[in-house]
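> Pasting the sequence and the predicted model now:
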Amino acid sequence: MKLPASSLLTAAFLLGQAKAGWTNESEVPFYGLSPPVYPTLQGSGSTSPTWTLAYKRAREFVSQLTLEEKVNMTNGFTGVCVGNSGSVPRLGFKGLCFEDAPAGIRGPDFVSAFPAGMHLGQTWDKKLMRAYGKALGEEYHGKGVNVALGPVGGGIGRVTRAGRNWEGPGPDPYLTGEQMEAIVLGVQGEGVIACSKHWLLNEQEYRRLPSALGESMSSNVDDATIHELYAWPFMNALRAGTGAIMCSYQRANNSYSCQNSKLLNGLLKTELGFEGFVVSDWAAQQSGISTANAGLDIVMPNAGWWGKNLTQAVNNGSVSIDRLDDMVTRTLASYFFLDQNTTLPSPQIFSPTVQHPILDVRGDHDKLIREIGSAGHILVKNTNNTLPLKKPRYVSIFGFDAEVKPVPWTNPLRYGGGYEVNFGWETFNGTLIVGGGSGSNTPSYIISPFKAIQDRVIADRGVLRWDFYSQDPVPEANTEVALVFINAYASESFDRTSLSDEFSDTLVLNVASKHPNTVVILHSAGPRVVDAWIEHENITAVIFAGLPGQESGHALVDVLYGDVNPSGKLIHTIAKRDEDYGNVLNSTVDQSAFPQSDFTEGVYIDYRAFDRDGIEPRFSFGYGLSYTSFEYSGINIAQTTGAHTSAYPSSDVSVVQGGHPELWDVLFNVTASITNVGKVAGAEAAQLYLGIPTAPIRQLRGFDKVFLKPNETATVAFALTRRDLSIWDVVAQQWKLQSAVYNVSVGASSRDLRLNSILSV
Ligand code: NOJ
């Protein structure tokens, strides 16, 4: 068993663990199994009037059920949806239909393929995040889906090369929290239960499940880090009312997440007041009684360890009837919370292999997808204003990422592939619009970059040349601009082995060696290093084009030709070399029967680690160029009247869903002015970084995006809550506000801080 390096760190780690109730020291001296039964908090329905009403209806319903009917409701069955829970036909309850997932309903036809969560994050636009959730909710509702298996806020992206980092908005908990909150509100506003996932600490794919080698990986994390980094975004999702939470595959501090009483009964249901139900990730249940008593409410996709065993466990007292009633009450409470008994149509999810009626739920979401698509494109290099393109008459396109795959999808349910690696490199053999696995989507069509650029060239009465497959293509003599497309693929089920690939880097260098105006467009499922070519003088512009969904080509052309001024910003630090990400570059490889992954870096991932270690990134977190320039001025910090700045939230106030209500009190309002000093209109995502004493030197604690015409000025505003200013106190087991001076900076990226000030608590 590996131990944290320094004994000091070990001591602090263990103190934190013990205070937090993670350890059962008589059994496990260092890493704790959570206690087998942590006090179970029954859903109370007391945290808001809507939950109270939902609980009243749920309890009435449950009082009519037999033991077998209750047990039947707690597990999954094969059916039309990716998950189908048990029904009670005699009382008109049809069971719940669960569908993936975060970037569009995966599987059926006549649905939209939305940009991935990472791409949405790159917009830094809360309005677009909310609109995305609403549009998703409309589609789920239209198809009769009760539970949407998103948004994703975990894995948050601790491991730079982890396979699923693109499903959510990246390694900053504040940004991820804002996005989760907006999506939950949007989805649930349409009457669909959002299932925020994965709770918690599923930060890598390698050994996420038990295998012939032994148990799954254990993510070993101290209590403060869990609060300040990994649970943080879920607090926002809970506050927004998320009706479901999915527990994750791997072990957390050596106890499987779906039987981790500290995580489920403790943190989620007691400390954060969760009123809805916990569903297991698919086949994540590893025991029967322990999962029931630890707080799991529904198992998927089948009966798992429950079914008749659960009936027996209740009959012999191993699981109390109260616990079973609580499982079913929580499930029905979420269902009634969103009035699904009256508003939701029956699920209509058809197999693509049989003829079926058309049910088109796309509305005009293509427009929103295009808008999010362009807003999430990040311009990182633009020498001599190469972009926007000025109606070139002779355009050349290179690289297989410019066009859709020439062959049918391997898996008809997933454009993004089912765990495939193409060409022997971690690239996708076709234009990449989403990553692979369950977070992939099912586009009804794809506007490829090639299609959209060709339409534009036709309109400009130009000439287009292309070569998708050569690694050493030759631009024709008259070519004005050579557009090179590359991608970096990632998927559920495996972690990446590199943040670049030789095939693509060589392609870029070959074109650049032959053409003085080479523009690189890069679709990537996670961070991608570019130092093999970024400084090449013939590479005049570079766009990180993310994972933009079905309108990919349109969104790109909007930015390339200047119809939309780029405003996307990085949600990851882009390092000069893979190794600069330090100990979190790779997933932990441990071949032992009880593999351990120690998160010894605490909250120091991504820019927090680069800042601490003084490592110069290639492009910093929050960075992105525009076709105009912005000036920042006039930072103002005002303490709110009546703000209580005692060290801890009041002890006599009860928890609401999302935690202690005072954590959301605004203590300070910060404003600044942004002026567009360039010649074209554009949007700027201003960012607020806070230097909390005893914490990383700076952490994102606000962002605000404004659209400005030339010479126009607008105010950006950031509300700092008690939580934003607090650290987790492992001894007091509460968020603590320190009486101290805090540095406040507002800027264009984490390394481009334009305005600096302080506030005192
Ligand atoms: C496993 C994935 O981890 C989860 O995110 C997904 O929702 C389920 N499979 C269902 O497909």
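Alright, I've got the coordinates. Numbering: from 1, shown residues only.
> Please list the residues of the stretch 251-400 of the chain that sit near the ligand.
Asp281, Trp282 (Cβ under 6 Å from any ligand atom). Where C-beta positions appear, they are placed from N, C-alpha and C, glycine not excepted.
> Just the closest residue of the stretch 251-400 of the chain to the ligand, please.
Trp282 (4.0 Å; Cβ to the nearest ligand atom).
> ok now do that residue, which residues does it touch?
By Cβ atoms under 8 Å, 6 or more residues apart in numbering, the contact set of Trp282 is Val82, Gly83, Met300, Pro301.
> Phi, psi for the third one please.
Just to be clear, that refers to Met300. phi -130, psi 150 (degrees, to the nearest 10).
> what number of residues lie near it?
Met300: 23 surrounding residues under other Cβ atoms under 10 Å.
> pretty sure it contacts Phe277?
No: using Cβ atoms under 8 Å, Met300 is not in contact with Phe277; the gap is 11.5 Å.
> Among the contacts of Trp282, which pair sits farthest apart?
Val82 and Met300 (8.5 Å; Cβ to Cβ).
> Between the two, which contacts overlap?
Any residue near both Val82 and Met300 by Cβ under 8 Å, 6+ apart counts here, and that gives Phe98, Trp282.
> who's in contact with the closest residue to the ligand within the stretch 551-700 of the chain?
Nearest residue of the stretch 551-700 of the chain to the ligand, counting by Cβ to the nearest ligand atom: Ser587, 15.3 Å away. Ser587 sits next to Val159, Arg161, Ala162, Glu203, Gln204, Glu205, Tyr206, Asp495, Ser597 when contact means Cβ under 8 Å, 6+ apart.
> Out of these, which sit inside strands?
Within the contacts of Ser587, residues falling in strands by DSSP state E are Ser597.
> and which of the contacts of Ser587 is nearest Pro357?
Distances from Pro357 to the contacts of Ser587, taken by Cβ to Cβ, are shortest for Glu205, at 37.4 Å.
> Touching, that closest one and Ala162? I think so.
Yes: counting by Cβ under 8 Å, Glu205 touches Ala162, with 6.5 Å between them.
> between these two, what contacts are shared?
With Cβ under 8 Å, 6+ apart as the test, Glu205 and Ala162 both reach Asp495, Ser587.
> picking up where we left off before, may I ask which of the contacts of Ser587 has the most neighbours?
Of these, with other Cβ under 10 Å as the count, Glu203 tops at 30 neighbours.
> how much space between it and Lys143?
To Lys143, Glu203 is 31 Å away according to Cβ to Cβ, to the nearest Å.
> any low-confidence regions in the stretch 401-550 of the chain?
For the stretch 401-550 of the chain, applying pLDDT under 70 flags the ranges 417-424.
> can you pull out the helices in it?
Here the stretch 401-550 of the chain has its helices, by DSSP state H, counting those that start in this stretch, at 449-459, 502-514.
> Out of those, flag the one nearest Leu264.
Nearest of the helices of the stretch 401-550 of the chain to Leu264, taken as Cβ to Cβ: helix 502-514 at 42.8 Å.
> helices or strands next to that closest one in the packing?
On a contact count with 3 or more Cβ pairs under 8 Å, 6 or more residues apart in numbering; DSSP states H and E, helix 502-514 meets strand 481-488, strand 518-524.
> and the angle from the first one to helix 449-459?
If you take axes from the mean of the first three to the mean of the last three Cα atoms, to 10 degrees, strand 481-488 sits at 160 degrees to helix 449-459.
> Mind listing the strands strand 481-488 pairs with, and their directions?
Strand pairing for strand 481-488, determined by DSSP bridges: strand 394-398 (parallel), strand 518-524 (parallel).
> Alpha carbons of that strand, in PDB - could you do that?
C-alpha atoms of strand 481-488 as PDB (Å, rounded to 0.1, in the frame of the first residue of the first chain):
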ATOM      1  CA  VAL A 481      -5.100  29.500 -47.200                       C
ATOM      2  CA  ALA A 482      -4.400  25.900 -46.200                       C
ATOM      3  CA  LEU A 483      -6.800  24.700 -43.600                       C
ATOM      4  CA  VAL A 484      -5.500  21.600 -41.700                       C
ATOM      5  CA  PHE A 485      -7.900  19.600 -39.600                       C
ATOM      6  CA  ILE A 486      -6.700  17.200 -36.800                       C
ATOM      7  CA  ASN A 487      -8.400  15.700 -33.800                       C
ATOM      8  CA  ALA A 488      -7.700  14.000 -30.500                       C
END
